[in-house]
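Trainee: Kindly return the folded structure for what I paste below:
(one chain, ligands or ions: 1)
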Amino acid sequence: MDQVSCEVVADLLPLYADGACSGGSRALVESHLAGCAQCARKLAEMGDDRAEQLVEADAQRQLKELARRHTRRRVSVLAALVVLVGLLCTMWVFYRRAEAEAASFSCQISRSSTYDQIMDGLLEGMHPRLPKKGRYRLRIRAGASSGAIRVALTSGTGYKTYYTVSGSQLDEEQTLQLDEGSYVLAIYLDGDTAGSAVDYAVTLEAVGKK
Ligand SMILES: [Zn+2]
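Mentor: Model (predicted):
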């Protein structure tokens, strides 16, 4: 409420309290009092009980406004919570899916062939991409009628060798701690192998949490 109005109203208040105001002044004072608790209080101090109602009405208006603001704030907090919970649920679903994918990771190569031409060479390779750091089981069943089968697991970058085994008959099972990333799993035939019949099944899979 501006100062000039409050000052004008302060001058009019004694007349208003005595009921000596003109109709125009009374309307002016009452409309001002409805919105100005300070002037309404002044009128109450003069012993006029109309002021009490005006002050009360003003206080109630302020309470209502406060309640409205609170409700608005509560609604925005609730909306933010809903968004946050939705986001967490989505992240959880993705996390569980990634976990399930990692836990069910498995790749295999197997073949049964007779090699006439190959002498000392790569038979087959694959490039598994491990989804997660953890324990993986490497199973190797392989045999060659002449020469030796060699199986090597190396990292796809840097070519660090994690495991290698060689022999004419292999029946191996190893559990390895491996990082996430790309690998090379390769099967070679070593030695004089003309006409060798080879047979292999190599599996790399994630070890379950049991
Ligand atoms: Zn005032």
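Trainee: and stretch 17-28, average pLDDT?
Mentor: Here stretch 17-28 scores 87 as its mean pLDDT.
Trainee: is it up against the ion anywhere?
Mentor: No: residues of stretch 17-28 are not located near the ion by CB under 5 Å from the ion, the shortest gap being 11.3 Å. Just so you know, the C-beta spots here come from the backbone N, C-alpha and C atoms, and that holds for glycine as well.
Trainee: Residue 166 versus residue 115, what's the distance?
Mentor: Shown here: residue 115 relative to residue 166, a distance of 16 Å by CB to CB, to the nearest Å.
Trainee: same thing with residue 85?
Mentor: Distance from residue 85 to residue 166, by CB to CB: 55 Å.
Trainee: which residues in the chain form strands?
Mentor: Counting by DSSP state E, one finds strands in the chain at the ranges 106-115, 121-126, 129-130, 134-144, 148-155, 161-167, 169-178, 181-190, 196-206.
Trainee: Just send these back as a markdown table, with mean neighbour count too.
Mentor: Below are these laid out as a markdown table (neighbours: other CB atoms under 10 Å):
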| stretch | mean neighbour count |
| --- | --- |
| strand 106-115 | 14 |
| strand 121-126 | 14 |
| strand 129-130 | 16 |
| strand 134-144 | 19 |
| strand 148-155 | 20 |
| strand 161-167 | 15 |
| strand 169-178 | 13 |
| strand 181-190 | 19 |
| strand 196-206 | 19 |
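Trainee: Quick one: closest of the ones you listed to residue 54.
Mentor: When the strands of the chain are compared for distance to residue 54 using CB to CB, the nearest one is strand 134-144, at 75.0 Å.
Trainee: now that closest one against strand 181-190, angle please.
Mentor: 20 degrees (axes from the mean of the first three to the mean of the last three CA atoms, to 10 degrees).
Trainee: list the contacts for residue 159?
Mentor: Residue 159 makes contact with residue 184, according to CB atoms under 8 Å, 6 or more residues apart in numbering.
Trainee: For it, grab phi and psi.
Mentor: Phi and psi for residue 159, reported as degrees, to the nearest 10, are phi 50, psi 40.
Trainee: first vs last residue of stretch 39-57, how far apart are they?
Mentor: Terminal residues of stretch 39-57 lie 14 Å apart, using CA to CA, to the nearest Å.
Trainee: domain assignment for this structure?
Mentor: Structural domains annotated on the chain: 1-103, 105-206, as defined by automatic domain parsing.
Trainee: For residue 152, name its beta-bridge partners.
Mentor: Beta-bridge pairing of residue 152 under DSSP bridges involves residue 164, residue 186.
Trainee: Pretty sure it sits against residue 161.
Mentor: Yes: contact status for residue 152 versus residue 161: in contact at 6.2 Å, counting by CB atoms under 8 Å.
Trainee: Any stretches of this protein with poor pLDDT?
Mentor: For the chain, the stretches with pLDDT under 70 are 1-4, 51-52, 55, 117-120, 192-193, 209-210.
Trainee: Does at least one residue of the longest helix along the chain sit close to the ion?
Mentor: For the chain, the longest helix by residue count, based on DSSP state H, is helix 50-103. No: judged by CB under 5 Å from the ion, helix 50-103 stays clear of the ion, getting no closer than 10.9 Å.
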